[in-house]
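Engineer: only geometry, no sequence info:
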């Protein structure tokens, strides 16, 4: 059975860093682009950053450019989100998602085929 599982969330102070991991099982990660979404309290879900199947293309929301980096290890069926210079407004549940379409990656939730259950990230002093 296919599973997408996020880990690595937690409480961090403003200016700190966290690395989220996305473990994929029952699927071949090379068949999918990966996108991280987040949903903050009282806000709509938003696409944060994405990476294409072979890592040749990435896209970032303006709010995280220069601070968040997405990567993937297809051999391990893993994807990662490195988050630096965290701000209180980054507090949200973060979701790892998979998109089977070929080509560049997408930041639209309608394009996603698989979703993890999310991991909570809280940025607070």
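Structural biologist: All right, it came through fine. All figures in this text were calculated on a predicted structure; none of them were measured in a lab. Residues are numbered from 1 along each chain as shown.

Engineer: going forward, measure contacts and count neighbours with C-alpha atoms only.
Structural biologist: Noted.

Engineer: tell me, what residue is most central in the protein?
Structural biologist: residue 36 (2.4 Å; Cα atoms, centre = their mean).

Engineer: I figured it hits residue 49, correct?
Structural biologist: Yes. Assessed by Cα atoms under 8 Å, residue 36 is found in contact with residue 49 at 5.5 Å.

Engineer: and stretch 100-115, end to end?
Structural biologist: One end of stretch 100-115 sits 12 Å from the other (Cα to Cα, to the nearest Å).

Engineer: what comes into contact with that stretch?
Structural biologist: With Cα atoms under 8 Å, 6 or more residues apart in numbering as the test, stretch 100-115 has contacts from 4, 31-35, 46-53, 57-59, 95-99.

Engineer: how about the residue nearest to the centre of the chain, what does it touch?
Structural biologist: 47, 48, 49, 50, 81, 94, 95, 96, 97.

Engineer: tell me how far the spatially closest residue to it that is not a sequence neighbour lies from residue 124.
Structural biologist: In this structure, residue 36 finds its nearest non-sequential neighbour in residue 96, 4.7 Å apart by Cα to Cα, 6 or more residues apart in numbering. Computed as Cα to Cα, the residue 96 to residue 124 distance reads 23 Å.

Engineer: give me the more crowded residue out of those two.
Structural biologist: Set side by side, residue 96 and residue 124 show more neighbours around residue 96, with 29 against 16, by other Cα atoms under 10 Å.

Engineer: isn't the more buried one up against residue 32?
Structural biologist: No. Counting by Cα under 8 Å, residue 96 stays clear of residue 32, with 11.8 Å between them.

Engineer: now which of the contacts of stretch 100-115 would you call buried?
Structural biologist: Buried members of these, counted by 16 or more other Cα atoms under 10 Å: 4, 31-35, 46-53, 58-59, 95-99.

Engineer: picking that back up, for the residue nearest to residue 36, what are its contacts?
Structural biologist: With contacts defined as Cα under 8 Å, 6+ apart, the neighbours of residue 96 are 4, 5, 6, 22, 34, 35, 36, 37, 115, 116, 118.

Engineer: give me the sheet partners of the helix or strand where it lies and which way each runs.
Structural biologist: When elements are assigned from DSSP states H and E, residue 96 belongs to strand 92-99. Strand 92-99 pairs in its sheet with strand 33-39 (antiparallel), strand 114-115 (antiparallel), strand 119-123 (antiparallel), by DSSP bridges.
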